[in-house]
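what follows is a predicted structure for the sequence shown.
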Amino acid sequence: MAKIYSENSTKNLNDLKPKEETVKFLLNYSKALSVIDYNKMKFEALLN
């Protein structure tokens, strides 16, 4: 089973080409995401 996964994963790594739309979405999401640390807790806020 592990052999099957390892063979396919090395072949597919070179074929990864995300759409420009996907890249823009992820970049915009990461710009809007704010993580606040408070007393050993983390709060995530999405600033729209």
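Great, that's in hand.

the nearest residue to residue 36 once chain neighbours are set aside - how many residues pack around it?
If you skip the residues right next to it in sequence, residue 36 has residue 43 as its closest partner in space, 4.5 Å away by Cβ to Cβ, 6 or more residues apart in numbering. All C-beta atoms are positioned from the backbone trio N, CA, C, and that covers glycine. Neighbour count of residue 43, defined by other Cβ atoms under 10 Å: 9.

try residue 15
Under the neighbour criterion other Cβ under 10 Å, residue 15 is assigned a count of 6.

mean confidence score for stretch 36-45?
Rounded to a whole number, the mean pLDDT of stretch 36-45 is 93.

and the residue nearest to residue 36, how far is that from residue 30?
Separation of residue 43 from residue 30 (Cβ to Cβ, to the nearest Å): 17 Å.

so where's the protein uncertain?
Low-confidence segments of the chain, defined by pLDDT under 70, span residues 1-14.

all strands for this structure, in order.
Listed in chain order, the strands of the chain (DSSP state E) span 33-38, 41-46.

reformat the ones you listed as TSV; add distance to residue 15.
Below are the strands of the chain laid out as TSV (distance: least, Cβ to Cβ, whole Å):
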stretch	distance to residue 15
strand 33-38	29
strand 41-46	31
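
out of these, which gets nearest to residue 22?
Distances from residue 22 to each of these were compared using Cβ to Cβ; the minimum, 16.5 Å, belongs to strand 33-38.
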